[in-house]
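Asker: kindly return the folded structure for what I paste below:
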Amino acid sequence: MDNLKEDFDSLVAKTPISDGVDRRGFLKTALGSGFAAAVLPIAAHSAVTTDSKGLTVGEITVNVNGQAVPVYRAQPAGKTNLPVVLVISEIFGVHEYIADVARRFAKLGYLALAPELFVRQGDPGSYGTIAELQKEIISKVPDAQVMTDLDAVVAWAKANGGNTDKLGITGFCWGGRVTWLYSAHNPKVKAGVAWYGRLVGNNNEMTPSNPVDIAAKLKTPVLGLYGAQDGGIPVTTVVQMQDALSKGKSKSEFVLFKNSGHAFHADYRSSYVEADAKEGWQRCVDWFKTHGVS
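Answerer: Presented below is the predicted three-dimensional model:
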């Protein structure tokens, strides 16, 4: 316990702060910085940090029907005609981990864009518990709004040095579900990689369909990276999704990591499983190469 506290204190000491922000609170003060309150304390000893050397990084804004949607952008500096990857966050929004993932893609030559898809509902980083966050933010985000926002981000990419003929999408948890849905929504998407996104659920006005509902009609190949020990996404639902996909022609696939649970790629959390996270990342990169994204 003392070592964990020392690791956390060390990381906090290295974290830049803005006026009026309590360093011990460790909340994000700008898009792509800090961590959400609901995930504190972070696992400082395993959190991966990717530098921005050779990259152009930072926040840009995309206008969606009069709403300014902030987006964390990372790309090789001075380059154009870049393959594009959308990076979709968990329920915690675009915090340091998601920004770091974007920088990892940028280091591989991508224009990586991570939009803050909860901007209309509030700041997901400010809620202290996952239950509060689900109730006050996530439950109020309609799928239709998410699809429209992502369409606008893709249009921005096309106008700003991105080659949207090489478009991919990846997402984590909440963003994993979005990855399946957007891959069906936008025919320009060449490939998707969904990390432990929910596959089945109740259909309602906000979420009229779930991945299992669109699986048979899906044309885009999606790679699903899931943990066999995930208590929230039972293996039975993965089997259900595989059966639905078999009725279509997307050639989507699953990799089930037998020793991992939920959020095994989240290197800032106790759920992190290093070996499976690294294998999953390589499979993600290879999937995009195989299907014409990179």
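
Asker: please make it C-alpha for all contacts and neighbour counts, starting now.
Answerer: Noted.

Asker: ranking helices and strands of this protein by mean pLDDT, which lands last?
Answerer: The least trusted helix or strand in the chain, going by mean pLDDT, DSSP states H and E, turns out to be helix 2-13, with a mean of 34.

Asker: from the contact counts, what lies against the very next helix or strand once past it?
Answerer: If you walk from helix 2-13 toward the C-terminus, the next helix or strand you reach (DSSP states H and E) is strand 55-64. When contacts are defined as 3 or more CA pairs under 8 Å, 6 or more residues apart in numbering; DSSP states H and E, strand 55-64 packs onto strand 67-76, helix 96-107, helix 143-159.

Asker: so what strands line up beside the helix or strand following the second one?
Answerer: Beyond helix 96-107 in the direction of the C-terminus, DSSP H and E gives the next helix or strand as strand 111-115. Strand pairing for strand 111-115, using DSSP bridges, gives strand 67-76 (antiparallel), strand 82-88 (parallel).

Asker: would you list those strands in a markdown table and tack on distance to residue 206, mean neighbour count and mean pLDDT?
Answerer: Listed next are the strands paired with strand 111-115 as a markdown table, based on distance: least, CA to CA, whole Å; neighbours: other CA atoms under 10 Å; pLDDT from 0 to 100:
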| stretch | distance to residue 206 | mean neighbour count | mean pLDDT |
| --- | --- | --- | --- |
| strand 67-76 | 19 | 21 | 98 |
| strand 82-88 | 18 | 27 | 99 |
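
Asker: quick one: which of those strands is nearest residue 42?
Answerer: Closest to residue 42 of the strands paired with strand 111-115 is strand 82-88 (CA to CA; 20.2 Å).

Asker: restricting to C-alpha, output the closest one in PDB.
Answerer: What follows is strand 82-88 as a C-alpha-only set of coordinates in PDB (Å, rounded to 0.1, in the frame of the first residue of the first chain):
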ATOM      1  CA  LEU A  82      -2.800  10.500 -43.700                       C
ATOM      2  CA  PRO A  83      -4.800   7.400 -42.900                       C
ATOM      3  CA  VAL A  84      -7.500   8.300 -40.300                       C
ATOM      4  CA  VAL A  85      -8.400   6.500 -37.100                       C
ATOM      5  CA  LEU A  86     -11.300   7.500 -34.800                       C
ATOM      6  CA  VAL A  87     -10.500   6.800 -31.100                       C
ATOM      7  CA  ILE A  88     -13.600   6.400 -29.100                       C
END
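
Asker: without its sequence neighbours, what residue ends up closest to residue 273?
Answerer: Once flanking residues are discounted, residue 273 sits nearest to residue 264: 5.1 Å by CA to CA, 6 or more residues apart in numbering.

Asker: any idea which element the one you found lies in?
Answerer: Mapping residue 264 onto the secondary structure by DSSP H and E places it in no helix or strand at all.

Asker: likewise the one 4 residues further on?
Answerer: In this assignment (DSSP H and E), residue 268 forms part of neither any helix nor any strand.

Asker: list the contacts for it?
Answerer: Residues in contact with residue 268, defined by CA atoms under 8 Å, 6 or more residues apart in numbering, are 42, 43, 44, 46, 47, 48, 97.

Asker: repeat the analysis, applying 10 Å as the threshold.
Answerer: Contacts were defined as CA atoms under 10 Å, 6 or more residues apart in numbering; by that measure residue 268 touches 35, 39-48, 96-97.

Asker: is it true that residue 36 touches residue 89?
Answerer: No. No contact is recorded between residue 36 and residue 89 when judged using CA atoms under 10 Å, the distance being 11.9 Å.

Asker: quick check: neighbours shared by the two?
Answerer: Where contact means CA under 10 Å, 6+ apart, the residues bridging residue 36 and residue 89 through contact with each are residue 95.

Asker: quick one: the closest residue to residue 158 other than its chain neighbours and residue 220, what's the gap?
Answerer: Ranked by CA to CA, 6+ apart and with sequence neighbours excluded, the top spatial neighbour of residue 158 is residue 164, at 5.8 Å. Applying CA to CA, to the nearest Å, one obtains 15 Å for the distance of residue 164 from residue 220.

Asker: ok, these two, which is more surrounded?
Answerer: The residue with more neighbours, out of residue 164 and residue 220 and counting by other CA atoms under 10 Å, is residue 220; that gives 25 against 22.

Asker: pretty sure that one contacts residue 250?
Answerer: Yes. Assessed by CA under 10 Å, residue 220 is found in contact with residue 250 at 5.2 Å.

Asker: any common contacting residues for these two?
Answerer: Residues touching both residue 220 and residue 250 (CA under 10 Å, 6+ apart) are 184, 191.

Asker: so who does the residue nearest to residue 273 touch?
Answerer: If you count contacts by CA under 10 Å, 6+ apart, residue 264 has them with 172, 195-196, 225-227, 230, 257, 270-278, 280.
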